[in-house]
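Student: here is the input, now give the coordinates:
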Amino acid sequence: MMGDNRTWLIITGDDYGYCVHRDQGLLQAFQAGRLSTASLLVTSPRAPDAVCKARRIGLPLGLHVNITEGKPVADLDQLEHDSRVPSLLGPDGTFCGKHGFRQRLEEGGMDLDEVEKEIRAQILRFVLLVGSHPKHADGHQHFHVLPGVNSVFACVLHDHGILRTRLPVEVDVNSCLWLDVTRKKFFTQVSAQAIVSAPIFKEYGLRWADAFVGLSTTGAGMDVDLLGPILRTALTAAKDGNIPSSKLHDKGCCGKETTTRCEEISAPIGTKTRHDRCRRTSESNRMQEMTPRGVDTQLSIIRMEDCETSRALRLELMVHPGLARSHTEGEHSVNQIKCSAENMAGALYDGFCCSPEREFELHVLMSSDFRNLLEKLGLKIMHVEC
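Tutor: Predicted coordinates:
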């Protein structure tokens, strides 16, 4: 039984399945006891191999829903329902990218029926690969907190009985001096949109950690000297009730009313949406319609009931450990180690894919300095059941 005085750290590794270099880092971190769970990109052709490797060592997997990079799952031939999603795609048949998706959404060119269709298809793809529903689901590049998209995302998760997600609200991210202007602006916007998404997520019964860190600490920001104050700030904000809570009660973790405020962010004009637009089909009917025979459709939910009913704090740390390159390849050029660009089915490759910053994150996670920091803060890594 988890005591009320404990503070649990959920370390979530994003982008699992993107490429072999990323996967190796995540697997190493988990085997060293420095990772709680990983979020799987089912849009990657590497996903089946990634699932096999995770199963071999018992790495719990959630779903990293992706509608910004690569090609959609909804267009795969093995899904027998009509699932074309043209409004999500560019001229080359791939997703529009992190900023392209946001721009099209703002311009009213995104059909949220197609967003819903793709999210459902990725959940089904996860079930086909893993054999059960994801234990949690979040959005690649935080698309799931965008106006209008947030209610679609929450509704689909609710329909499939997936009750855990991520609320990427990082306190005081705008004051992080090591961030450049562009990243600081983006992370501040993500946090603001997450605050607005919180009551929508809660309406659909979704749960999230009491505090979140992982925007400002991506890459070089994972430095232990920087990470310590950020974790302390997040814990203090959670204890003071200054972060939207998903607890069964409406008060902060110390009994205080939540005081977080943010400018209202509404759905872009012209976006094809309405709050009750998402079809509330029952789970049994939905899975009877979409799931092939032989697949285990038993819902698999993370067992954290003790945290939900107690005052124990849960803090999520989003990480991206990986290898800058395969150490068996020798000194190859950057063009030779771009993680096999075809892995994201659209010749897509981001500069962070196999950069030294990913390996830096891995080294920090594996270090004694990181372990000592957690001990000093009274944080205990939560190990999620498979």
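Student: any idea how far residue 69 lies from residue 186?
Tutor: Here the criterion is Cβ to Cβ, to the nearest Å. By it, residue 69 lies 16 Å from residue 186. C-beta: built from backbone N, CA, C; applies to glycine.
Student: number of nearby residues for residue 166?
Tutor: 27 (other Cβ atoms under 10 Å).
Student: residue 380 too?
Tutor: Other residues within reach of residue 380, judged by other Cβ under 10 Å, total 14.
Student: and it, which helix or strand is it part of?
Tutor: strand 379-381 (DSSP states H and E).
Student: contacting residues around that strand?
Tutor: If you take Cβ atoms under 8 Å, 6 or more residues apart in numbering as the criterion, strand 379-381 is touched by 6, 7, 8, 9, 11, 33, 34, 36, 231, 315, 374.
Student: tell me the pLDDT of the residue nearest to the first one when sequence neighbours are not counted.
Tutor: So the one you mean is residue 6. Using Cβ to Cβ, 6 or more residues apart in numbering and skipping the chain neighbours, the partner closest in space to residue 6 is residue 312 (5.3 Å). With respect to pLDDT, residue 312 has a value of 81.
Student: quick check: residue 312 touching residue 8?
Tutor: Yes - the pair residue 312 / residue 8 is scored as a contact, 6.3 Å apart, by Cβ atoms under 8 Å.
Student: hey, C-alpha coordinates of the helix or strand containing residue 114 in PDB?
Tutor: Taking DSSP H and E as the definition, residue 114 sits inside helix 112-130. Backbone C-alpha positions of helix 112-130 (Å, rounded to 0.1, in the frame of the first residue of the first chain) are rendered in PDB as follows:
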ATOM      1  CA  LEU A 112     -11.900  17.000 -36.500                       C
ATOM      2  CA  ASP A 113     -14.000  14.000 -37.600                       C
ATOM      3  CA  GLU A 114     -10.800  12.900 -39.300                       C
ATOM      4  CA  VAL A 115      -8.800  13.600 -36.200                       C
ATOM      5  CA  GLU A 116     -11.100  11.400 -34.300                       C
ATOM      6  CA  LYS A 117     -10.900   8.700 -37.000                       C
ATOM      7  CA  GLU A 118      -7.100   8.700 -36.900                       C
ATOM      8  CA  ILE A 119      -6.900   8.500 -33.100                       C
ATOM      9  CA  ARG A 120      -9.300   5.600 -33.100                       C
ATOM     10  CA  ALA A 121      -7.300   3.900 -35.800                       C
ATOM     11  CA  GLN A 122      -4.100   4.300 -33.700                       C
ATOM     12  CA  ILE A 123      -5.800   2.800 -30.600                       C
ATOM     13  CA  LEU A 124      -6.800  -0.200 -32.700                       C
ATOM     14  CA  ARG A 125      -3.300  -0.500 -34.100                       C
ATOM     15  CA  PHE A 126      -2.000  -0.500 -30.500                       C
ATOM     16  CA  VAL A 127      -4.400  -3.300 -29.600                       C
ATOM     17  CA  LEU A 128      -3.400  -5.300 -32.700                       C
ATOM     18  CA  LEU A 129       0.300  -5.000 -31.800                       C
ATOM     19  CA  VAL A 130       0.200  -5.300 -28.000                       C
END
